[in-house]
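>>> here is my input, please return the structure:
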Amino acid sequence: MIGRRILQKRALNTCRRWLSPVPVAEAAEGTKRHYFYYVKPAFSLSNNPVNFKIPYLVKRCQFSSNALVDLPVNGMVDVPLAQTGEGIAECELLKWFVQEGDEVEEFQPLCEVQSDKATIEITSRYKGRVADILHVPGSIVKVGETLLKMAVEEAQVPTITLHNLEDAKQADSKVNKGSTGGVLSTPAVRNLAKEHGININDVQGSGKDGRILKEDVLKFAIQKGIIKEPSVTDTAGLGEQSDVEKNTPQVSAQVAGHYEDKIVPLRGFQRTMVKTMSMAAKVPHFHYVEEINCDTLAELKASFQTNNTEPGIKFTFLPLLIKSLSMALNKYPMVNSCFNEESLEVILRGSHNIGIAMATPYGLVVPNIKNVQSLSILEITKELSRLQQLALDNKLSPTDISGGTITLSNIGAIGGKFGAPIVNLPEVAIIAIGRIQKLPQFGDDGNVYPASIMTVNIGADHRILDGATVARFCNEWKQFIEKPELLMLHMK
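Numbering: from 1, shown residues only. Have a look, this model is predicted:
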């Protein structure tokens, strides 16, 4: 028995082998076949092959860079929502750049989507015609879900070397017979047909190129008795009612007391804020408040603006505050860290990627300026201007938003003396800056003088930072702001 097994193993591993030309059993679809090994050992004294009766299954396949869902069926391909970033499961469709019937070139933008992290344009991999748009702006689309269908030439897609490819296409066409793949219609028209339980493939289109219009769906519904056709009497009654309404004074909604609730779905950055703040609310916080004299800083800012020779550059307090913050972080790296709760480890971040909270029409977003410790104040000013413009246009990339190490929230630009910020996990600190205002201050000689005072509130993760560390860090930052000459002295 042992010798037989060794003989079989050596025969299979070292000898010539080939497949039987006639399959013993064949799958119904013609794409899978069962064979037996017939092995002819090199040491055999006869010409008869040794039949070990070892069945195995051969699957015919080929490799392609395109997903199987993109394979053409009657010249149609599905264009899915691709993976836009790590951990992204769905995106909101913001707008379409094309319409049904439009001719599309390769790499032409098709639509714009927004994930939890950024706004991305989806481009076409094919040249063809838009046949069917499956989603309307505002829809939430899952990653991998089909955005639209395109009519393309067969030559654009890699061919499949299956003998029964035509049979597979016919079977796939039968499966998709009830779908809306080849029908020209808008998503609103398809939704109308779906509401009335109508298969849109059964509706005869009266629009251009056979496009199905809303009137075609309503006409089909009336013919099938799904909805009732309005009578002449009803129409006349509506006309009379409208005449009466013209002569009757309208009652305002305020007097009548009819108020309607409105449901507003959260999208994009607002949905992100729900998730991040819900997690951050579980973190034990403490806040440290301090007042900083900004008289000298105001003079420095005015001097920068006066001597500025570059057009389009406007100096504000924020780049100076960002650079001075980075200088203070050099001495207190624990404030520029992140916390791994699972492994109970603190990572001291080497780069000072300082995030700036920005209020946009699309919600709160926090892009960050990378490697502030190696940037000049002018470079920080330019980068800040770039991020602000991208945020207003909703064009921030995932790189602009990810990788922050500490956050500044300039609430004073809108109003308010100070706020109580919540950390932006996995960061361990966030700073809210109030507006700068003129307040009376007492000098060392007892005299009162006006001063430009800014209130800052540092929110910290109390699991990592203690009050003494935050207080010393704030004192370091404060002296750089109140005495900018120290900032120049220590700047690299």
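
>>> give the contact list for residue 427.
If you count contacts by Cβ atoms under 8 Å, 6 or more residues apart in numbering, residue 427 has them with 338, 355, 404, 405, 406, 407, 461. All C-beta atoms are positioned from the backbone trio N, CA, C, and that covers glycine.

>>> how does it look with 10 Å?
The contact partners of residue 427, by Cβ atoms under 10 Å, 6 or more residues apart in numbering, come to 280, 335-339, 349, 353, 355, 366, 368, 404-407, 460-461, 464.

>>> would you mind naming the residues that bridge with residue 448?
Residues found in beta-bridge contact with residue 448 (criterion: DSSP bridges) are residue 442.

>>> the contacts of residue 427 in helices, which ones?
With helices identified by DSSP state H, the entries of the contacts of residue 427 that belong to them are residue 280.

>>> distance of residue 194 from residue 86?
Going from residue 194 to residue 86 by Cβ to Cβ, to the nearest Å gives 35 Å.

>>> whoops, I mixed them up, residue 320
Here the criterion is Cβ to Cβ. By it, residue 320 lies 35 Å from residue 86.

>>> more crowded one of those two?
For residue 320 against residue 86, the residue with the higher neighbour count under other Cβ atoms under 10 Å is residue 320, and the figures read 23 against 8.

>>> didn't that one look like it was pressed against residue 376?
No - because the distance of 11.5 Å does not satisfy Cβ atoms under 10 Å, residue 320 is recorded as not touching residue 376.

>>> tell me, please, where in the protein the pLDDT is lower than the cut-off.
1-74, 87, 117, 154-183, 228-257 (pLDDT under 70).

>>> so what's the residue count around residue 296?
Neighbours of residue 296 using other Cβ under 10 Å come to 14.

>>> who's in contact with the most centrally placed residue in the chain?
Among the residues of the chain, the smallest C-alpha distance to the mean C-alpha position (Cα atoms, centre = their mean) belongs to residue 115, namely 1.7 Å. Contact criterion Cβ under 10 Å, 6+ apart gives 81, 84-85, 87-92, 143, 268-269, 271-272, 398 as the residues in contact with residue 115.

>>> ok, 6 Å please
The neighbourhood of residue 115, defined by Cβ atoms under 6 Å, 6 or more residues apart in numbering, consists of 84, 88, 91.

>>> gap between it and residue 140?
Residue 115 is 11 Å from residue 140, by Cβ to Cβ.

>>> then residue 401?
Shown here: residue 401 relative to residue 140, a distance of 20 Å by Cβ to Cβ.

>>> now swap in residue 468 and tell me
Here the criterion is Cβ to Cβ. By it, residue 468 lies 47 Å from residue 140.

>>> what about these two, which has more around it?
A direct count of neighbours by other Cβ under 10 Å for residue 468 and residue 140 places residue 140 higher, at 14 against 8.

>>> return the distance of that one relative to residue 121.
Applying Cβ to Cβ, one obtains 18 Å for the distance of residue 140 from residue 121.

>>> and stretch 118-138, what's buried?
Of the residues in stretch 118-138, those buried under the neighbour-count criterion (16 or more other Cβ atoms under 10 Å) are 118-120, 122-126, 128-135.

>>> kindly report the same for stretch 75-89.
Buried residues in stretch 75-89, defined by neighbour count with 16+ other Cβ under 10 Å: 75, 76, 77, 78, 79, 80, 81, 82, 84, 85, 88.

>>> secondary structure element for the third one, which one?
Counting by DSSP states H and E, the secondary-structure element that holds residue 77 is strand 76-80.

>>> and the very next helix or strand once past that strand, which strands flank it?
Toward the C-terminus, strand 76-80 is succeeded by strand 90-96 as the next helix or strand (DSSP H and E). Partner strands for strand 90-96, per DSSP bridges, with pairing direction: strand 109-114 (antiparallel), strand 140-142 (antiparallel).

>>> I'd like to check what contacts the longest one. Which residues are they?
Read that as strand 109-114. Outside strand 109-114, the residues within contact range by Cβ under 6 Å, 6+ apart are 91-98, 120-124, 268.

>>> could you dump the residues you listed to CSV with distance to residue 447?
As requested, the contacts of strand 109-114 are exported to CSV (distance: Cβ to Cβ, whole Å):
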residue, distance to residue 447
91, 61
92, 59
93, 64
94, 59
95, 61
96, 67
97, 65
98, 70
120, 59
121, 61
122, 66
123, 67
124, 72
268, 53
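
>>> hmm, which two among the residues you listed are most spread apart?
For these, with distances taken as Cβ to Cβ, the pair at the greatest spread is 124 and 268 (23.5 Å).
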